[in-house]
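Novice: generate coordinates for the sequence data below:
(one chain, ligands or ions: 3)
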Amino acid sequence: MSSKRFAEVIVELRSAQVDRPFHYEVPEHWQEQVQIGTRVLVPFGPRRLEGYIVGFSLAADVSKIKPILEVLDDEPPLTPDLVDLAGWLSERYLCTKAAAVQALLPSGMRAKASTKLRLAGDPPFVLPASLEADLLQSLYQSPNKTKEQLIAERPEWRPILRAWVAEGILEESYRVKQGAQVKTITALQCSLDSAAFQAALEELSRAKKQKEVLAYLFDQGVAVPMKDVLSELGASSSTVKPLLEKGYLQKVEQEVLRDPYGIAHEQPEQPLPLTELQRSAYDQIAAAVDTQKPETFLLQGVTGSGKTEVYLQAIASCVEQGRQAIMLVPEIALTPQMVERFKKRFGDDVAVMHSRLSAGEKFDEWRRIRQGDVTIVVGARSAIFAPFRSIGLMIIDEEHEVSYKQDDHPKYLAREVAMYRARQHGATVVLGSATPALETRWWAHQGQIRRIEMGERVMGQRLPKVKVIDMRNELHEGNRSMFSKALKKGIEERLEKGEQIILFLNRRGFATFVLCRSCGYVARCRECEIPLTFHKARGLEQLRCHYCGYAERMPETCPDCKGDHVRHFGTGTQRVEEELHRVFPQAGVIRMDVDTTSGKGSHAELLQRFRNQEAQILLGTQMIAKGLDFPNVTLVGVISADTSLFVPDFRAAERTFQLLTQVAGRAGRHLLPGEVVVQSYNPQHYAVQFAKKQEYENFFQHEIRVRYGVHNPPFRELTAFTSVNTDEDAALRIARTLEDRLRTLFQGRDDIIILGTSPAPLSRLQGKYRFNVVLKYIRFKQVGDPIRTVYLEAAHEAQKAGGYLSIDVNAQMIL
Ligand SMILES: Nc1ncnc2c1ncn2[C@@H]1O[C@H](COP(=O)(O)OP(=O)(O)OP(=O)(O)O)[C@@H](O)[C@H]1O
Ligand SMILES: [Zn+2]
Ligand SMILES: [Zn+2]
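Specialist: Numbering: from 1, shown residues only. Ligands and ions are numbered 1, 2, ... in the order given. From the prediction side, this is the model:
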């Protein structure tokens, strides 16, 4: 090809003003090497930026076009289908292309560029006492300093450097440091031929250990990690040193991949013989994978129905056909046990990706996927972007989980990304849950996706019996404790029999607020206006804001009425723990909440202690609701079902139902029968009642009518705009302007509903005021482009006013 190609490059700036590809010339020597997805370094104004090639064109205005400075990788990090996916992400979620590209790559990927300088021409004549003289001296004395370091040292040198480069006195070259370094180890190698080897042995006649090391490496024929050589032969580095000096051995740096789990996987575990229901589910999924046509399933299986075994075998069948598989699980459920289950089945063929890995570990796992070293990835949300070549199967377990929606740009929903990639790759998507998202179940009802039902537990165990206790009656009968009589009795029985108990505290609400019983004053954060949460640590009573971290002492008297009736209300895990110790002094309790699990690995460690039966009671928030499987647990108690029912969220009923069903599903999964006790002040609520009977289908029928009546998902999609500013008037003004423009734009469209400017449920956060405008529409395709224009304009104005305007397309929660 003789005609010159120009590369279209997306640079790493996330600003909307530069949200388009820029053209660069591809220097002759890189013509062969660059492809779509190649990472490059390009000049951008006075800066040098990293960017990705997203296309090629025969550009016209050649005069202005600058050449690419550097190609950053041998293999392009992005495959062409990922470049295409980035384009889709930015259109679907209205984010910049740069933000979309970055979402596809591990955080450790970003390079830092630096500029090396070399004196190339004759140094200029400079006055002995001048800026130029200092610079020259510095250049001679420390030739390794980069341009960036020099400028940081003396900003006044910047124009001089620029001039000298222009005059050819200095020459620039770029060096790029990877964000996360490739990890290497030192290995030893013997590259002598046999004759030279024999000669060397003679020469070393008396140095027995040296001879041994040399012979060992000669026999190996390949490089062996130095530490293995030393431990194998019981040698020390002083043995190796003379061999290196004489040139008999060479040191080589070998790349190694960090294995974050490092589990030894010797004997692969055999698949279990499937039950009839599992077999039928497996057959349908495997057949779909075979067709290589995009298809989505809802695998609706009650808790304990053995969905995981179906996933494992479907993955095995996909991999056998030479295609790759992605398995998503909620971050919280991605425990070492979970990973171990995959590693036992598939050995080293599995990469793991989640946010608790270090940047280096993430980078390595990502490279193993990109290089084709593994065919399966298990991970949290972002693993859906795994750079596989030919995806056959994508599974999203607990697909209804909120954590599958990214809360930062691009605010993608993993389920939608999976379905888009399925179209690209001709892959099958499996959405698995006992309590599917209402939308998913609705699509299945509409026939857009196929539903597979597994209505029974694996060994035919009964679903646990759920008792709902009316806490109002308990109070009327004089029981002022947080444990109903039934729950107390249940705990006592289990403690006696040596069985285990999970107590669950539903804390989506703001549980331990502080209230004055005589005047009704509620302590709130000064910055966020959220009720403060009561905390007790080392005898100190504190009020803390869960959003911004603000803290103050618990007041002794009411700031409003000066009375002494201020009390903390609601129930935090700490209070339940104290109460447990008081009522059941003999019982060991493990508490799991954000306070006890903030350290790396502490989450897994606490669960392991419970598994080892070091304590009989596990007490926690929703983080213990998912995927835990403990054979000895026969009682699950929910302290209060109500806290999640009264949050200002249209999904409150759905979430409550899901949480209660998931929690109840933790009991009686094995041989011992299970019991569940749910305490509630609103036991008649339909979410509580359907959860009691574990009747998802009936809940769905009821809830879908409620949604239809108020035009909520799945009948409309919601996009939320939030105007944020420290100045309340400015925040309000921007939101109103946006609302007006949307109204003008969609005038006469009765399929579109605009919920006018209103204070956000979190009306103040970290000292900033927040106002929402919510748009409801049927098809995003019909509104996406016009919304983008209006949004970008208003966002620009918000910025000028010192705040910002955020957008959440297909919002799952409005805060
Ligand atoms: N075919 C089988 N034969 C014997 N045991 C099985 C079989 N399939 C699954 N099991 C066992 O049944 C238990 C429940 O299975 P699994 O955890 O996969 O259920 P699940 O549907 O994912 O439940 P949940 O939604 O509650 O997480 C597990 O202990 C699993 O090892
Ligand atoms: Zn008061
Ligand atoms: Zn706050």
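Novice: okay, strands next: where are they in the stretch 651-800 of the chain?
Specialist: Counting by DSSP state E, counting those that start in this stretch, the segments of the stretch 651-800 of the chain that form strands are 675-680, 717-725, 753-765, 768-777.
Novice: from those strands, which stretch is densest packed?
Specialist: strand 675-680 (a mean of 25; mean count of other Cβ atoms under 10 Å). (Glycine included, C-beta is placed from N, CA and C.)
Novice: out of the strands of the stretch 651-800 of the chain, nearest to residue 278?
Specialist: strand 675-680 (24.8 Å; Cβ to Cβ).
Novice: list the neighbouring strands of the closest one plus their orientation.
Specialist: If you go by DSSP bridges, strand 675-680 pairs up with strand 465-470 (parallel), strand 633-638 (parallel).
Novice: buried sites along the last one?
Specialist: Of the residues in strand 633-638, those with enough neighbours to count as buried (16 or more other Cβ atoms under 10 Å) are 633-638.
Novice: what angle do the helix ranked longest in the chain and strand 717-725 make?
Specialist: The longest helix of the chain (DSSP state H) is helix 780-800. Helix 780-800 and strand 717-725 meet at an angle of 0 degrees, taking axes from the mean of the first three to the mean of the last three Cα atoms, to 10 degrees as the criterion.
Novice: got the CA coordinates for helix 780-800 in PDB?
Specialist: The C-alpha trace of helix 780-800 is given here as PDB (Å, rounded to 0.1, in the frame of the first residue of the first chain):
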ATOM      1  CA  PHE A 780     -33.000   5.200  24.600                       C
ATOM      2  CA  LYS A 781     -32.300   5.100  20.800                       C
ATOM      3  CA  GLN A 782     -35.000   7.700  20.300                       C
ATOM      4  CA  VAL A 783     -33.600  10.200  22.900                       C
ATOM      5  CA  GLY A 784     -29.900   9.500  23.200                       C
ATOM      6  CA  ASP A 785     -28.600  12.000  20.700                       C
ATOM      7  CA  PRO A 786     -30.700  14.900  21.700                       C
ATOM      8  CA  ILE A 787     -30.000  14.300  25.400                       C
ATOM      9  CA  ARG A 788     -26.300  14.300  24.700                       C
ATOM     10  CA  THR A 789     -26.400  17.800  23.200                       C
ATOM     11  CA  VAL A 790     -28.500  19.300  26.000                       C
ATOM     12  CA  TYR A 791     -26.500  17.600  28.600                       C
ATOM     13  CA  LEU A 792     -23.100  18.700  27.300                       C
ATOM     14  CA  GLU A 793     -24.300  22.300  27.200                       C
ATOM     15  CA  ALA A 794     -25.700  22.300  30.700                       C
ATOM     16  CA  ALA A 795     -22.600  20.500  32.000                       C
ATOM     17  CA  HIS A 796     -20.400  23.200  30.500                       C
ATOM     18  CA  GLU A 797     -22.500  25.900  32.300                       C
ATOM     19  CA  ALA A 798     -22.400  23.900  35.500                       C
ATOM     20  CA  GLN A 799     -18.600  23.800  35.300                       C
ATOM     21  CA  LYS A 800     -18.500  27.600  34.700                       C
END
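Novice: what's it packed up against?
Specialist: Counting contacts by 3 or more Cβ pairs under 8 Å, 6 or more residues apart in numbering; DSSP states H and E, helix 780-800 is packed against helix 80-92, strand 717-725, helix 728-745, strand 768-777, strand 804-809.
Novice: tabulate the ones you listed (TSV), appending distance to ligand 1.
Specialist: TSV is the format used below for the helices and strands packed on helix 780-800 (distance: least, Cβ to the nearest ligand atom, whole Å):
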stretch	distance to ligand 1
helix 80-92	29
strand 717-725	27
helix 728-745	41
strand 768-777	32
strand 804-809	28
